[in-house]
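**Student:** Below is the structure, and that's it, no one-letter string:
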C-alpha cells in the first residue's frame, strides 16, 4: 500500500492548511480549514485523474461541482484527497436537509439560508453544525456530484454519460476505494471518558454522542438505554415469580407424568412456575411491550425535537445516488432530476419482493423439515445397522443443514440488496427501510423457526424452556465475546504495536490508524440482536421468567461494549440525520402483537390447563375457543392502549403545531 | 305564532334590500344583499333585545361583533333577523377555515386574504364561495360571538359573563329559537331536476350538491354512490352462486338430518349454497371490503382536493362554541382563548366514556339474556297450566324487552351527548367523531346482538339465513316507507294545501314554508343504515348470497329517496367543510376486519365442514386451529393490501406535496 508516510505526505492539521482550495466568497474565509472527510483513491490512480476530481470537488455548483474544499495530501501522486466544506455550502445544505437550528427566540426552527442572520452561532460552523452533520453534508455533496455532459474522465478508459453519478462511476472504475469521515481524536477521547470509563455507570452522554457520531448512532444508543431501563419491571417480576412464589410443581405433576408416559416430553423435572405465575407473566409482558413502545415513541420524538430533525425534508431533497429514471421536472420542487413513479416501486415490492422473501422463508422451513426428517432417518438407520458408517451418518443431517442455512443466508443478503436496488426508492431512508425489512424478516425467521417449531408443532414446553435458557446464556456470552473481546484483543495486541512505531508523529498516525481500521459494519446486527432478545422476552418469557433478568445484565455490558467498539475498533461511520429508529420501531411493535398469539398458545399448553382438560372439567375445544377470545380481546386492548397514548409529548406537539401554523401563515403572506 | 305576514313584514328579496346594515368598507358595497341565514327569535322577545342583538351582529370584530349584515324583517317587533355577510368577512373567514380556492395558476391553493388579488372570482362572492360555504361562514361567525365583558342583555333578566358565548346564552335564555340557512328556491329546483327527476338515472350531480348543500351532505351522497356501484360485483357473484351453481344439499343432507334429530335446527330444508359457494362468497367479501374502503379513500381525497377542503385548519381556528377552559394564550396561534389540556379529554374518554359505553353494551346483552330466559320460563309455564293467563304471559317477555330496549336507547343517546360535551373537545369534528362513535357502537350492537347470538351462541345457520332475509326485505321496505313515503304524503296532503293559500306572494311563501318545515335530522341515521347494510353483507352474507342484490336494489331507490327528502321535506341544514366522511370510514374498516372473524366462524359451522368432523376425517380441535390460522392470515393479508394501496391518487399526493413544499419555502423566506 502506498501510504502517505511513504510519500512523505504528512497529514498534520498544520500542513493541511497550506494547500487547501482558495475560497473567493468573503464569508467562507477562515484561518483554519477543518479536515472532515477522506477520499481514499486506488494506488494506481493517475495524477491527472486525481486533479480532475479535485477540480470537480472545488468547482461551484453552477459548474457542476460540489462547492467543497479539497486538499491533495502532500503531492499529486498521493492516494488521498482530504475534503472540507466552506460556510456557504454547509449553510445551504443545512436548509436542503431540513435541519432545525436554534432561532433567535430560542426555538428550534427549520433553518433558512435567506433568514440565516436570525439563527444562533451562524458564524461559527463548529458550533452551528455538529461534527457528524458537517461530515455528512460533505459526503452528501460528494454523492450528489453528477456529470453535466457526456465526457471522458482523464486517466480512465470509460467515459461518463450525462447525469451519471460521478462518485458511483469512479468507485466502479476502481478510482475511489472508499470515502470516510475523520475522527477528531481529542473529542473522541472526551466522549470516551464520559461514555465508558469506570466512573460512568448510569446514563450515557446522548447529546455528545449525537454531536460526534450523528443521529443514527445516537438513536441506537438512546433506544438501547431506554430498553435497558424498561427491562427493570419485567426483571423484578421474573425474580419475584421465580424466588418468592412457590413453584407449581405439585399440581402439574400428574399431567407431567402422563405426558412423560405418552412420550411427549423429555424426562426432565418441571421446575417452572405455576400456571398463575405463567399467566401473570404473560399478561404483564403483553401489556409491557405496548407501553414500552408507546413511551419510546414519545422519547424518540422528544429527542428528535432536541436534535433538530423533526422537520427533515428528504422527499424535497435530491434523490439518493442510486435512484434512476427518466430525466424530467419534479412536479413538486420544479427541479430537473430522474423521475420514477412511486406506484411502480410499490408494485415491484408487492409483486416481486414480497413473494421472493416469502420463498426464502419457505426455504428455511423446508430446510428445517428436511433436517428433522433426515435426522429421524439417520437415527432409525443407525438403530438398524449400528456400524461406524451409520454413526458418521448421524452427523450428516446437521452438517447439511448448517451448510444449507449458511448458503441460504448469503444468497438472501445478496438478493435482498439487489431487489431493494431494483425497487428504485427515491429516498435513502425508504431504501434503508425496505432493505432492513427484508433482511430482518429473514434473520428473525431463521432465529425463531426452531423455537416456534418446538412451541407450536412439538408443543414441548420443557424443551422450549431449556432451549431458551441455553440461547439466552450461551448465545449472549458468545456474542459478547465475538463482538467485543476479539476486536479488543486484536486492537491491543496486533494493531497497537504497529501504531507505536510511528508514535513520534501524532497527526499522521491519526489518519494512518484510521485508514487501517475496518469500516463500521452498521447498526443492523446491533438492532437485530435487540430484536431477537425482545422476541425471547415477549414471545416465550412466560415459560422462563428469568429472561428479563438475563437480558438486563446483558444490556448493561452491551452498552459499554458497543460504545467501546464504535469509538475504538472501527473507522468512524457516516450518519445521516434521522428523526427516529425507522423500521425497527415497526418491527418491535409487530413483535408485540405476535407475542399475544404466542403467549395465549403457551398458556393453553401450560400443565394446569392441560390437566383441566384431561380431568374433563372443560372440553379442549371450548378452552381453545376461550383462548381465541382472550387473544382477540388482548389484541384489541393493546391497539386501544397504543391509540390512547399520544406518540409525542405535549410540548413537542405544540412546537410542531407552531411550526405548521407559522408555515401556513408564511404561505399566506407570500407574494408571487 | 306571530308570523311575518301578520305584521306585514313581507320578506321579498326586494324588500330586504332596504333595511340592511349600511357597510362602510368600499369593497363590501354591493347593489344587492343576499339573505343567507335566518335567526328565529321567540315570540315574546322584546324589541330592545332584538335591536341589541342586531347591533352586535353588525358591529366590527374589534368591538366584539360578528361583522355581518343584519335585516330586522319589517319592524322591530318581528320574530326573525335575516343575516348576510359582507365580502371582507367572507374572505377572512375563508382564510380562517383553510379552504382552498382556485389560484391564478389554476391550482387549488389555501386562500390567503393578503394575497386575495391572485385568486379567481375574488370580486364575486356568489362565484367565489358556494352558497353552503357562505351560509356556514355566517353561522360560524354568529356562533363565535363572545361577550367581551360582564354585561346585562337588555330585556333579559340574566346577565352574561366575560367570554361567555352569546348565541348559546340567548338560546338558553329562550331568546333565540333556532338559526337556519335559507333555501334558494331557483337553485334548489335546478338541483332537483339534475338529481332525482325521471331522466336522471345514472350518477348524481355531486358538484352541484356540494355547492348547494355543502361538504358533509355531498360526501354522504358520494359515498352512497360509490358504495352502490361497489355492490355490483358481490351482487353478480351472489346471483351466480344462487342460480348457476347447483345447491350443495345432497352432501350436507346427512348432517342436517342428524342436527334436526338433535333439535339444534328448525325443520326447514337447507336450500342454501354448498360449502364451496360459501367459501368463495366469504373470501370474496373479505377482500372486497378492503378494496372497497381503500378505493373509497382515494375517491374521497380526490373529491376533497376538488372541493378545496384538503387543507382545513380547524386546529388553528377558534375552538367550538361549547368548548370551555381557563382563559389563556394558545401556544400555537398566540390568540386569547379558553385552554383545556388534550390529555384531560383523552383521559375522560378512556376512563369514563369507554367504560360507560361498555356498560350500556353489557346492558343490551343482559336484556337479551333476560328476554330468552323469560321466554323459556313463560313457555314452560304455559305448557304446564295452559290457561288464558299463561297465554297472555307468553307476550310479556317480548313487551318488557321492547320497552327495555327503547328506554336503554333513549338513555344512551342522552348520556352519549352529555359525555361528549363533558369530554370537552376543542374541535367540532373531534366532538362529532366522538359523539358519533358512541351512538354508533350502541346502535350497531343493538342491531346485531340478535344475529351474533344466533350465529355464535345458538350456532344455527338456517335460522340466521331466515332472519337475515327477513331483515333485509322487511326492514328495508319499512325503512323506505317511513323515511320517504310518509314525509312525502305529509308534505303533499297536509303541508301543501296550506301553502297554496299564500301562493300569491312567492317570496314570503318561501321563507314561511321553510319555517314550517321540520329541521333536518342529520346524516347519522343515513350512515348507520348503510353501515348496518354493510354489516349484513360482510359479516353474514356467506349464508345468504342474495344480500348484495337486495342491497343494490335498495340503494338505487335510496339515492333518489334521500335526495328528494333533503331537498323537499326538511329545512336546509348547515354543513361544515369536511375533507372526508370522518369516523364512518373507520367504522366501515373495522367492520371489514370483524367480518373476517365472523366469516371464518360461519365457514366452520357450515354443513360440509361439520360433516367432515362427524365422519371423523379431521378432529374438531384441528379444524378449529386451521380456521384460526386462516383467520390470522386473512387479517394479515387485508392489512398488507390496505397498506399497499395508497390512500390518495398520485395527482392528489403531488398537489399536497407541492403545497407542503411551497409553505416550507415560504417559511424560509419570511422576515421577522
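**Tutor:** Sure, I can see it. Just so we're clear, the structure is a prediction, and the values are computed from it rather than from any experiment. Numbering: from 1, shown residues only, chains lettered A, B, ... in the order given.
**Student:** Report how many residues lie close to residue A:616.
**Tutor:** 8 (other Cβ atoms under 10 Å in any protein chain shown). Just so you know, the C-beta spots here come from the backbone N, C-alpha and C atoms, and that holds for glycine as well.
**Student:** give me phi/psi at it?
**Tutor:** Residue A:616 adopts backbone torsions of phi 80, psi 10, taken as degrees, to the nearest 10.
**Student:** Hmm, residue A:26 and residue A:87 touching each other?
**Tutor:** No: using Cβ atoms under 8 Å as the test, residue A:87 is too far from residue A:26 to be in contact (10.1 Å).
**Student:** Can you pick out the residue with more neighbours from these two?
**Tutor:** Comparing residue A:87 with residue A:26 by other Cβ under 10 Å, the one with more neighbours is residue A:87, at 19 against 6.
**Student:** For residue A:432, see how far away that one is.
**Tutor:** Distance of residue A:87 to residue A:432, given as Cβ to Cβ, to the nearest Å: 30 Å.
**Student:** One more: residue A:280?
**Tutor:** Residue A:280 is 39 Å from residue A:432, where distance means Cβ to Cβ.
**Student:** Can you read off the pLDDT for whichever residue of the stretch 151-300 of chain A sits closest to chain B?
**Tutor:** Proximity to chain B, evaluated over the stretch 151-300 of chain A using Cβ to the nearest Cβ, is greatest for residue A:298 at 11.8 Å. As predicted, residue A:298 sits at a pLDDT of 95.
**Student:** same check, this time on the one 4 residues further on
**Tutor:** Here the pLDDT value assigned to residue A:302 is 95.
**Student:** swap in residue A:67?
**Tutor:** 89.
**Student:** so who does it touch?
**Tutor:** Residue A:67 makes contact with A:58-61, A:85-86, A:88-89, A:141 under the criterion Cβ atoms under 8 Å, 6 or more residues apart in numbering or on different chains.
**Student:** any chance of these in JSON lines, plus neighbour count, pLDDT and secondary structure?
**Tutor:** JSON lines is the format used below for the contacts of residue A:67 (neighbours: other Cβ atoms under 10 Å in any protein chain shown; pLDDT from 0 to 100; DSSP: H, G, I helix; E, B strand; the rest coil):
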{"residue": "A:58", "neighbour count": "20", "pLDDT": "90", "secondary structure": "helix"}
{"residue": "A:59", "neighbour count": "16", "pLDDT": "90", "secondary structure": "coil"}
{"residue": "A:60", "neighbour count": "13", "pLDDT": "88", "secondary structure": "coil"}
{"residue": "A:61", "neighbour count": "13", "pLDDT": "86", "secondary structure": "helix"}
{"residue": "A:85", "neighbour count": "25", "pLDDT": "91", "secondary structure": "coil"}
{"residue": "A:86", "neighbour count": "22", "pLDDT": "91", "secondary structure": "coil"}
{"residue": "A:88", "neighbour count": "16", "pLDDT": "90", "secondary structure": "helix"}
{"residue": "A:89", "neighbour count": "22", "pLDDT": "91", "secondary structure": "helix"}
{"residue": "A:141", "neighbour count": "23", "pLDDT": "92", "secondary structure": "helix"}
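**Student:** for the residues you listed, which one is nearest chain B?
**Tutor:** So of those, ranked by how close each gets to chain B (Cβ to the nearest Cβ), first place is residue A:88, at 15.7 Å.
**Student:** Enumerate every residue touching the closest one.
**Tutor:** Taking Cβ under 8 Å, 6+ apart, one finds A:25, A:27-28, A:67 in contact with residue A:88.
**Student:** again, only using 10 Å
**Tutor:** Residue A:88 is in contact with A:23, A:25, A:27-28, A:60, A:67, A:113, A:116, counting by Cβ atoms under 10 Å, 6 or more residues apart in numbering or on different chains.
**Student:** same thing with residue A:643?
**Tutor:** Taking Cβ under 10 Å, 6+ apart as the test, what residue A:643 contacts is A:294, B:346, B:350.
**Student:** need the contact list for the first one.
**Tutor:** By Cβ under 10 Å, 6+ apart, the residues touching residue A:294 are A:589, A:592, A:638, A:641-647.
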